[in-house]
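Student: A structural model of the following input is requested.
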Amino acid sequence: MSMTIELDSDQTDEIIRTEMRFMIECFERDLEERRQGKGIGIFDSDPEQDVMYIIKQIEAFELVLDWCGGDVHPE
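Tutor: Alright, predicted model coming up:
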């Protein structure tokens, strides 16, 4: 069975913004765990380096999300 769904550009934009918010939330959880010395390395086995890389990823997602017209933490 196959199904075709048509979405307008506003709908696809919102899907992308929602996914970016989800990734930010995941990275924020990972960041807190790594700062506490828990969790596993995502980008680096050195916890301090890993924290630095996670922060850069969060900032990058926030920048793109802002450019796309989305709030990082909508109410």
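Student: hey, where'd the strands end up in this protein?
Tutor: Remark: no strands are assigned in the chain by DSSP state E.
Student: All the helices of it, residue numbers only.
Tutor: Taking DSSP state H to define them, one finds helices in the chain at 9-35, 47-67.
Student: wait, which of those is closest to residue 41?
Tutor: Closest of the helices of the chain to residue 41 is helix 47-67, at 5.0 Å (criterion: Cβ to Cβ). For every residue, glycine as well, the C-beta is placed using N, CA and C.
Student: TSV for the helices of the chain, including mean neighbour count?
Tutor: Formatted as TSV, these follow (neighbours: other Cβ atoms under 10 Å):
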stretch	mean neighbour count
helix 9-35	15
helix 47-67	15
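Student: can you redo these as CSV with distance to residue 41 and mean pLDDT?
Tutor: Below are the helices of the chain laid out as CSV (distance: least, Cβ to Cβ, whole Å; pLDDT from 0 to 100):
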stretch, distance to residue 41, mean pLDDT
helix 9-35, 8, 93
helix 47-67, 5, 94
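Student: Residue 20: what's it in contact with?
Tutor: Taking Cβ atoms under 8 Å, 6 or more residues apart in numbering, we find residue 20 in contact with 61, 64, 65, 68, 70.
Student: Now do it against residue 44, distance only.
Tutor: Going from residue 20 to residue 44 by Cβ to Cβ, to the nearest Å gives 23 Å.
Student: Ok, residue 3 next?
Tutor: 42 Å.
Student: Looking at the two, which has the bigger crowd around it?
Tutor: Neighbour count, other Cβ atoms under 10 Å: between residue 3 and residue 44, residue 44 has more, with 14 against 4.
Student: need the contact list for the spatially closest residue to that one that is not a sequence neighbour.
Tutor: In this structure, residue 44 finds its nearest non-sequential neighbour in residue 50, 4.5 Å apart by Cβ to Cβ, 6 or more residues apart in numbering. By Cβ under 8 Å, 6+ apart, the residues touching residue 50 are 34, 41, 42, 43, 44.
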